[in-house]
Every structure is written in C-alpha cells, then in structure tokens.
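>>> Structure of the sequence below:
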Amino acid sequence: MVLLKEADRRGFVFGTNYESRKGADLDANPRAALLFYWHALGRQVRVEGDVERVSDTESDAIFLARPRASRISALASRQSQVGPRAELEERVRTLESHLADHEVERPRQWGGYRIVPDELEFWQHRGDRLHHRFRYRLADGRWEIDELDP
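Take a look at the predicted model:
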C-alpha cells in the first residue's frame, strides 16, 4: 500500500524507503500496478506501467510535505526489517529529542517513484457479474481502447 502524492500527465507519484522490500522489488523489476477501489461505488481503476525514481527535488518536496512525526518515523524505521517494536519507539524518541530545534530533512534512502502508465483499466460492478471493463493501452503514442469480458 502506498499513499498517492501526485497524479498528472507524467504519471502517478508516491514515496517510500528505497531500501524497503518495495524499493528493492522496484529496483529489480521497475514495473508496477496501482489499484484504486471504491466499494460503495462498485468501481475500480487499475494503472500499470514502468516505474522511475523522481528527482531529488521532487523527493524533497514529497518528504517535507509530510507531517513532522511522519518524517521522524521515516528516519527511525528500518522499513521491512525485523526488530522489536520497543527499539523502534526508542529510536523515534531519540530522534524527536535530537531534532527538537531542527528541520527533519529527507534521508538519502527515502524518495519518490513515478509509475508511467501504459495501461489503464476501468471496472464497474454489476450485480449479475457481467461487469463493465474497459482497457486503455498505449501503443505507438496513442491510447487504444478495448472492452473486456468480465
């Protein structure tokens, strides 16, 4: 799960720890999918595409937009690593004390990724299970639209 920070014509941006399992997976295979699901509306959108790291400037902006406590948590966490919760909470307390009068800057291992979409699928629920599905695929710079069986 990621928190979507930006969506524009270039793609969909989120931030994470580059050294986390997610970061390692994206480095090994720079392709991903996002799924947005709205149960109450019976709708979902799936986005698939290549992944690229965003610039340091963009990563700084994403990180600095986070609440201070979230920035400290990102510094303290050895994301995806095994460890006692008490040690993590002690690292947080130590950082809060040490950085009390300082800005919490982005650590080198944290940054943004952009998914550059080349396929989008829009799904709409139907009670008879004959859901509506439309797939948009980028081919030669143009979006092709297919209607898919459920």
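
>>> all strands for this structure, in order.
4-8, 11-17, 31-38, 43-53, 110-124, 132-139, 142-148 (DSSP state E).

>>> Can you tell me how far Leu138 is from Asp118?
Computed with C-beta to C-beta, to the nearest Å, the distance linking Leu138 and Asp118 is 4 Å. Glycine gets a C-beta too; all of them are placed from N, C-alpha and C.

>>> make that Gln81, sorry
Going from Gln81 to Asp118 by C-beta to C-beta gives 33 Å.

>>> so what's Tyr113 closest to, chain neighbours aside?
In space, Tyr113 comes closest to Val51 once its chain neighbours are excluded; the distance is 5.3 Å by C-beta to C-beta, 6 or more residues apart in numbering.

>>> That neighbour: what's it in contact with?
If a contact means C-beta atoms under 8 Å, 6 or more residues apart in numbering, then Val51 has 26, 30-32, 113-116 as its contacts.

>>> try it again with 10 Å
Counting by C-beta atoms under 10 Å, 6 or more residues apart in numbering, Val51 makes contact with 11-12, 14, 25-27, 29-32, 113-116.

>>> that older thread, shared neighbours of Leu138 and Asp118, which are they?
Gly49.

>>> any chance of the strands of the chain in a markdown table, plus mean pLDDT?
Shown next, in a markdown table, are the strands of the chain (pLDDT from 0 to 100):
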| stretch | mean pLDDT |
| --- | --- |
| strand 4-8 | 95 |
| strand 11-17 | 96 |
| strand 31-38 | 97 |
| strand 43-53 | 98 |
| strand 110-124 | 98 |
| strand 132-139 | 98 |
| strand 142-148 | 97 |
